[in-house]
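Peer 1: Starting from these lines, generate the structure:
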Amino acid sequence: MRAATWIGGASTLAFLALLCAGFFLVRGVRRALALAVAAARRIAGGDLREKVAVTSRDELGDLQEAMAEMNERLALVIGEVRGGAD
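Peer 2: From the prediction side, this is the model:
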């Protein structure tokens, strides 16, 4: 009976630990995605002044970095077009 109680308790603790880890993982991904979506909406709205924040070194960070490059290049192209129109 002791072994069954110990295994049940250990299983419950492992489940709770995994649940907490999953919660924090999802929260981190959602925050990074929210920043990327906000940056995309700013760029789509024509606001190229604000830099896109790169908050991680994973795939979401790669996305944010690509968006930052896109933002900078769009600003350069628009500046060139405005300069050529004068």
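Peer 1: Distance check, the residue of the chain most remote from its centre against S11.
Peer 2: In the chain, the residue that sits farthest from the middle, by Cα atoms, centre = their mean, is M1; the gap is 47.5 Å. Distance, M1 to S11, by Cβ to Cβ, to the nearest Å: 16 Å. C-betas here are computed from N, CA, C, even on glycine.
Peer 1: any idea which helix or strand comes after the host helix or strand of C20?
Peer 2: When elements are defined using DSSP states H and E, C20 is found to belong to helix 2-44. For helix 2-44, the succeeding helix or strand toward the C-terminus, using DSSP H and E, is helix 59-85.
Peer 1: Quick one: mean pLDDT for stretch 75-86?
Peer 2: Averaged across stretch 75-86, the pLDDT comes to 86.
Peer 1: Touching it from outside, list them.
Peer 2: Under the criterion Cβ atoms under 8 Å, 6 or more residues apart in numbering, residues 48-49 lie in contact with stretch 75-86.
Peer 1: That one: how far from the chain's middle?
Peer 2: For stretch 75-86, the distance between its averaged C-alpha position and the chain's averaged C-alpha position is 31 Å (Cα atoms, centre = their mean, to the nearest Å).
Peer 1: try stretch 13-32
Peer 2: Its chain's C-alpha centre and that of stretch 13-32 lie 15 Å apart, by Cα atoms, centre = their mean.
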